[in-house]
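Chemist: return a 3D structure for these sequence lines:
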Amino acid sequence: MIRILLAEDDQVMREYLTRALERSGYAVTPVDRGTAALPLIETERFDLLLTDIVMPEMDGIELAQKAAEIAPDLRVMFITGFAAVTLKAGKTMPQARVLSKPFHLRDLVMEVDRMFETDHVSGLN
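Modeler: Next up is the predicted model:
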């Protein structure tokens, strides 16, 4: 099973994304900030870091950079509602995907599916 580490400071969004991804067959470990994600990356194996960019303590770009040092094979997808931040993320980590808010859950699941070239059918309408 593909394991996703979700770093999102907004509780409602974090719960919403966790439920959607779990319903689509992914194992999700949600955390509320980047500083909570790093120790997990050091001790557990994840396939994808799905992170908001704008978060307190450590932004998603810094988190992704540190995660890449710890787990070079970890794939990264950023989610953000700020266009300027999207450009910064693309320049800093060109191999990462960026999904701009607002997005439909189907779009998120489709992007994650594409990252892992899975062809399972999601349960979202």
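
Chemist: report the helix or strand with the lowest average pLDDT across the protein.
Modeler: When each helix and strand of the chain is scored by mean pLDDT, DSSP states H and E, helix 83-92 comes last, with a mean of 67.

Chemist: next helix or strand past that one?
Modeler: Using DSSP states H and E, the helix or strand that follows helix 83-92 in sequence is strand 97-100.

Chemist: quick check: bridge partners of the residue nearest the centre of the chain?
Modeler: For the chain, residue 50 is the residue whose C-alpha lies nearest the centre (CA atoms, centre = their mean; 0.5 Å). Beta-bridge partners recorded for residue 50 (DSSP bridges): residue 6, residue 77.

Chemist: who's in contact with it?
Modeler: 4, 5, 6, 7, 8, 17, 21, 77, 79, 112 (CB atoms under 8 Å, 6 or more residues apart in numbering). Where C-beta positions appear, they are placed from N, C-alpha and C, glycine not excepted.

Chemist: what is the neighbour count of the closest residue to the fourth one other than its chain neighbours?
Modeler: Yep, that's residue 7 we're talking about. Leaving aside its sequence neighbours, residue 7 sits nearest to residue 51 (CB to CB, 6 or more residues apart in numbering; 4.1 Å). Each residue near residue 51 was counted by other CB atoms under 10 Å, and the total is 30.

Chemist: same deal with residue 77?
Modeler: 20.

Chemist: over to the one 3 residues further on?
Modeler: Residues contacting residue 80 under the criterion other CB under 10 Å number 21.

Chemist: next one: the residue nearest to it when sequence neighbours are not counted from residue 98, what distance?
Modeler: Counting by CB to CB, 6+ apart, residue 53 is the residue found nearest to residue 80 once chain neighbours are left out, at 4.2 Å. Separation of residue 53 from residue 98 (CB to CB, to the nearest Å): 8 Å.
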